[in-house]
Each structure stands twice: as C-alpha cells, then as structure tokens.
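Student: okay, predicted coordinates and the sequence, questions at the end:
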Amino acid sequence: MRYDVLTLFPEMFTGVLGNSILKKAEEKNLVSYNVVDFRQYSEDKHNRVDDYPYGGGGGMVLTPQPIFDAIEDLTKESTSNQRRIILLCPQGERYTQKKAEEFAQAEQLIFICGHYEGYDERIRQHLVTDEVSIGDYVLTGGELGAMVIIDSVTRLLTGVLGNETSAVTDSFSTGLLEYPHYTRPVDFRGLKVPEVLLSGHHKNIEEWRHQEAIKRTLERRPDLLEGRKLSKREKEWLEAFKGNL
Ligand code: ADE
C-alpha cells in the first residue's frame, strides 16, 4: 500500500506515522508514506494556495491549481485503477469499518487535507474518487481524518498485526461489539473473573463470548443489530436479554 498525503501541515503526521504499528508496517515494507506540502506546487508568486470565494461570503477556498498539479505529479508514473483519491470533509460519506476494508484492497490511497478553508468545487467533481467524513463533527482540518483512515486501513493489511486473528474478531469486523476480556488475577479486590473463563471448556467459553457480544451490542449499539441476519440461537438470546433490559 502506498499512501500519499497532501497537506499544508506535514509535521502533524510525524508522531502518528513514526510510532508503533504504523512505523513497523513501514519498516517491514508493507506500506510507504509520502507526506507532501502541496504549497510547493503553487504557481502563485506568493505561494498562495487559497483565495476569496466568488460570490462573496466569509472564509477562504483552496484553489484547484496546486492540488490538481500535485495529484498529476503523484499519479504520472502509473495508471493503476486500484487507486483512490480521498477528500476529507464533513460533507463526505461517513467512514466505517466496511469502508476501511474496501480501502485496504487498493494499491494507493491519496488524501487531500484542507485546513480551515473550503475546497473549490472542481476539486471534488473532477479529481477525487471518495469524499469521506470521520464523524458528525467539524475538525479544523482533514489531517486527523487522514490519520484515522491510514491507521484503520494499515492494521487490516496482511502481515501488519502480529496476531492475524485480532483484526478479524475485533469490534465491527464481526458486525458485533467485542465481548469482555479478563486477565490475571482471578480475584482483584473482590472483583472476580467469570467462572466459565476458568473452566477450560472451549465450547462453553465460545458460547459465553458470543452471548456477551450480542448483549453488549444490544445495550450500546442496537443499530448494529438491525440489518444483521441472526441465527436461531442469537434470536433466542436477544429475546432473553431484551426481557432483562
Ligand atoms: N474536516 C473537517 N471536519 C472533518 C470530518 N468530520 N471528517 C473528515 N474531515 C474533516
């Protein structure tokens, strides 16, 4: 996976890409990060990248020229159709685990991060393949969104996580929230680990975890259960849990 990020604040990325799993993924050559200050592409004599909006009104708008030129430069070597050009903005499609899985199939993800300003509409219409929002709130810029996407996509790539099963069983990948975890000690200040987990009975443990995942999802994110196909067992558990809510 090749990541290219167009931003006016490249240093925002050094801490996130230079630590922990994202750093290790790069060291293992599973990903490459290319963070570019798109101001360097500006043809304006003062290196400006934004301008006043036609029609008046407040706020500045990112001009198309530096961003078009930067993208043309970043894509000139290959014609991959496995490339996505992602614009971060609050009006975009809401980002989910499903979208992360889709992006993880690409070979190249290019992010366009605005900061404070709006984007000239021609950037949206003629350059980008995806407009993405990371949630229903407004950030000062797209950089944090790009980092969220890079993080959530990278951990899905083969070889990135040591324990390959963890990306498969974690919350959302299964469509359910994760079941509760416990480690030593068995008794911490009188708070005990559920008996079943100490039993060594794998089938019972698996069933308990499955039930707890359903219960937790019902309590915290009932919306996740709505479109889900439930097995007969799951339906029975759900009815029982609902009775106890
Ligand atoms: N830029 C500003 N707000 C944003 C959001 N919620 N998601 C992605 N990019 C943004």
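Tutor: That came in fine, so what should we check first?
Student: who's sitting farthest from the centroid in the chain?
Tutor: Largest separation from the mean C-alpha position in the chain: residue 190, at 38.5 Å (Cα atoms, centre = their mean).
Student: outline the domain layout of this structure.
Tutor: Split into domains by automatic domain parsing, the chain comes to 2-154, 174-244.
Student: and the ligand, is the first one touching that?
Tutor: Yes - against the ligand, domain 2-154 shows contacts by Cβ under 6 Å from any ligand atom at 88-90, 133-135, 137-139, 141-142, 145. For the C-beta atoms, the positions are set from N, CA and C on the backbone; glycine is no exception.
Student: that domain spans what distance, first to last residue?
Tutor: With Cα to Cα, to the nearest Å as the measure, the ends of domain 2-154 fall 10 Å from one another.
Student: ditto for stretch 161-178
Tutor: In stretch 161-178, first residue to last residue: 18 Å (Cα to Cα).
Student: for the record, mean pLDDT for it?
Tutor: For stretch 161-178, mean pLDDT rounds to 77.
Student: would residue 137 count as being in a strand?
Tutor: No - Residue 137 sits outside any strand when classified using DSSP: H, G, I helix; E, B strand; the rest coil, being coil.
Student: low-scoring stretches of the protein, by residue?
Tutor: 164-166, 168-169 (pLDDT under 70).
Student: recalculate using a threshold of 90.
Tutor: For the chain, the stretches with pLDDT under 90 are 58, 77-81, 115-117, 162-175, 227-228, 243-245.
Student: how far out from the middle of the chain is the helix ranked longest in the chain?
Tutor: If you go by DSSP state H, the chain has its longest helix at helix 202-220. Helix 202-220 sits 25 Å away from the centroid of its parent chain (Cα atoms, centre = their mean, to the nearest Å).
Student: contacts made by that helix with the rest, please.
Tutor: Contact with helix 202-220 is made by 174, 176-180, 194, 196-197, 199, 224-225, 234, 237-238, 241-242, 245, as judged by Cβ atoms under 8 Å, 6 or more residues apart in numbering.
Student: which residue is nearest the middle of this protein?
Tutor: Nearest to the geometric centre of the chain sits residue 149, at 3.2 Å (Cα atoms, centre = their mean).
Student: that one sits in which helix or strand?
Tutor: helix 143-154 (DSSP states H and E).
Student: show me what that helix is packed up against.
Tutor: strand 2-7, helix 14-17, helix 20-27, strand 83-94, helix 97-103, strand 108-112, strand 130-133 (3 or more Cβ pairs under 8 Å, 6 or more residues apart in numbering; DSSP states H and E).
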